[in-house]
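Undergrad: Please find the sequence and the predicted model below.
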Amino acid sequence: MHPSKLKAMLESVATGAIAVDDAVGQLRDLPYEDLGFAKIDHHRHLRKGYPETIFCAGKTPDEVVAIAGRMRGRGSNVFGTRCTPEMLERVGEAYPEAELHGRARAFTLTVDPPGALDGYVAVVCAGTSDIPVAEEACVTCGVLGSRVERVYDVGVAGIHRLFEQRTVLDAADAVVVCAGMEGALPSVVAGLVSCPVIGVPTSVGYGASFGGLSALLGMLNSCAAGLTVVNIDNGFGAAIAAANINRIANGK
């Protein structure tokens, strides 16, 4: 439940506009609701400032649709990641108002639009093949109210392309950098800007990239001080951190 909705409900109880028993009915599923196959954390927004995200991998389309419906019914925004095309199709059929983000493999169902933050997060990717992970980061930032500036296809094989984007990078409150292969780009960016930089190794590359392990190790061994690194292909986790940095930087 969104904090503003909880506050409004409690104020209504205090004034007598809502009966105590009705309020108890609304609160009965806090802090979580057990659907048998999933326990929905309706309390997440109160603790963290944003609702629980549905990690759709391994779930059935029907399970995803059911969880989304229960969250929406509680007045929560809904965000699902790592969706298959079938899941996105089913969500779109069940909830025509949902926004489907095919390249990010995600969907959003907005009940209460988040307040827009000042500033922005720059999401950078080395090559076009890294865009799905970068788009997951972009959608996640948007769910949390952070504006995004995309800087795509600026990898170290043509480093002059990155230097043309210095103005965008320098003005960001946080930068998410997605790169596969040898994973060099986050180190370069972290050496250029003063804001926090979060590296996301992607599973893009030939055999010796070991599904992103080479990029991960390269980023962890970066000589650029302060570079933070998340797990392979984890655009979501990087964006959560970046959006929180953006929120703090703008006094929210």
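TA: Okay, I see it. Numbers count the residues shown, from 1 in each chain.

Undergrad: Every contact and neighbour count from this point should use C-alpha atoms.
TA: Will do.

Undergrad: So, low pLDDT: which residues of this structure?
TA: In the predicted model, the chain carries pLDDT under 70 at residues 1-7, 9, 22-30, 32, 34, 252.

Undergrad: domain ranges for it?
TA: 3-109, 120-249 (automatic domain parsing).

Undergrad: Going by residue numbers, what spans are helices in the stretch 151-252 of the chain?
TA: Ranges of helices within the stretch 151-252 of the chain are 160-163, 166-170, 185-190, 213-220, 235-249, based on DSSP state H, counting those that start in this stretch.

Undergrad: The spatially most central residue of the chain sits in which helix or strand?
TA: For the chain, the residue nearest the mean C-alpha position is residue 140 (2.4 Å; Cα atoms, centre = their mean). Using DSSP states H and E, residue 140 falls within helix 131-143.

Undergrad: Contacts for that helix next, please.
TA: By Cα atoms under 8 Å, 6 or more residues apart in numbering, the residues outside helix 131-143 that reach it are 79, 81, 101, 103-106, 108, 114, 121, 123-125, 147-148, 152, 176-178, 202, 233-240, 242-243.

Undergrad: one more time with 7 Å, if that's ok
TA: Contact partners of helix 131-143, identified using Cα atoms under 7 Å, 6 or more residues apart in numbering, comprise 103-104, 123, 125, 147-148, 178, 233, 235-236, 238-240, 243.

Undergrad: same deal with stretch 75-84?
TA: 1-2, 51, 53-57, 68, 71-72, 105-112.

Undergrad: Quick check: end-to-end length of that stretch?
TA: For stretch 75-84, the separation between the terminal residues is 25 Å (Cα to Cα, to the nearest Å).

Undergrad: Run the chain-centre distance for that stretch.
TA: Between the centre of stretch 75-84 and the centre of its host chain there is 10 Å, according to Cα atoms, centre = their mean, to the nearest Å.

Undergrad: Return the members of the contacts of stretch 75-84 classed as buried.
TA: 1-2, 51, 53-54, 56, 68, 71-72, 105-111 (16 or more other Cα atoms under 10 Å).

Undergrad: Among these, which ones are in helices?
TA: Of the buried ones among the contacts of stretch 75-84, the ones assigned to helices by DSSP state H are 68, 71-72.

Undergrad: Identify, from the buried ones among the contacts of stretch 75-84, the entry nearest to residue 186.
TA: residue 105 (23.4 Å; Cα to Cα).

Undergrad: what's the spacing between that closest one and residue 135?
TA: Residue 105 sits at a distance of 9 Å from residue 135 (criterion: Cα to Cα).

Undergrad: now swap in residue 56 and tell me
TA: Distance check for residue 56 against residue 135: by Cα to Cα, it reads 16 Å.

Undergrad: what's near enough to touch residue 174?
TA: Counting by Cα under 7 Å, 6+ apart, residue 174 has contacts 121-122, 195-197, 242, 245-246.

Undergrad: want to throw the residues you listed into CSV with neighbour count?
TA: Formatted as CSV, the contacts of residue 174 follow (neighbours: other Cα atoms under 10 Å):
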residue, neighbour count
121, 27
122, 25
195, 17
196, 18
197, 27
242, 27
245, 20
246, 27
